[in-house]
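Trainee: Got a predicted structure plus its sequence, pasted below:
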Amino acid sequence: MARPPRDPAASAGLSIRITGFAMIAGVMAFAAISIAVAPEPGPAAPPQGFVWGLAALALLLLVGGLALGRGGERKRILPLALCEGCGLNGSVLTLLTGNPAWAAALGGLAIAALILGLAGDGGPTPGLGRSA
């Protein structure tokens, strides 16, 4: 008995979800490690302008990832990667400043954006070349 043909759209959606969940796990792991090994804040902290510049960059990555929105499989990886970059920048800021709030705040925003990005992949969408 022959197997029914696989739906390429369903296979692409599954690989995006697996990649997205791996990104979420990566952000959580980096945040936990950076909080655990973060140095005590001291006189060697970087200048405040540099810290806030990196925080602004992280938020720009997040906004850029959310703005790129939906698309095919290849077009979905970039927005997820940009959102992940926000969380990773939070971990870097925690390691630089010793303040765990950066990893928690930017990591939480990144995870929420990644979940939103994965939730947008609910299956076939009318008007995007797939039947309802």
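Mentor: Everything's here; your move. Numbering: from 1, shown residues only.
Trainee: For the biggest helix by length in the chain, which residues meet the burial criterion?
Mentor: Ordering each helix of the chain by length in residues (DSSP state H) puts helix 8-37 first. The neighbour-count check on helix 8-37 (16 or more other Cβ atoms under 10 Å) flags 13, 16, 19-20, 23-24, 26-28, 30-31, 34-35 as buried. To be clear about C-beta, it is placed using only N, CA and C from the backbone, and glycine gets the same treatment.
Trainee: What is it packed up against?
Mentor: When contacts are defined as 3 or more Cβ pairs under 8 Å, 6 or more residues apart in numbering; DSSP states H and E, helix 8-37 packs onto helix 73-97, helix 101-119.
Trainee: Give the closest residue to residue 64 in space, chain neighbours not counted.
Mentor: Nearest in space to residue 64, with sequence neighbours left out and distances taken as Cβ to Cβ, 6 or more residues apart in numbering, is residue 82 at 5.0 Å.
Trainee: on that earlier part again, if you average pLDDT over the longest helix of the chain, what comes out?
Mentor: Taken as a whole, helix 8-37 has an average pLDDT of 87.
Trainee: Distance from it to the middle of the chain?
Mentor: Centre-to-centre, helix 8-37 and its host chain are 8 Å apart (Cα atoms, centre = their mean, to the nearest Å).
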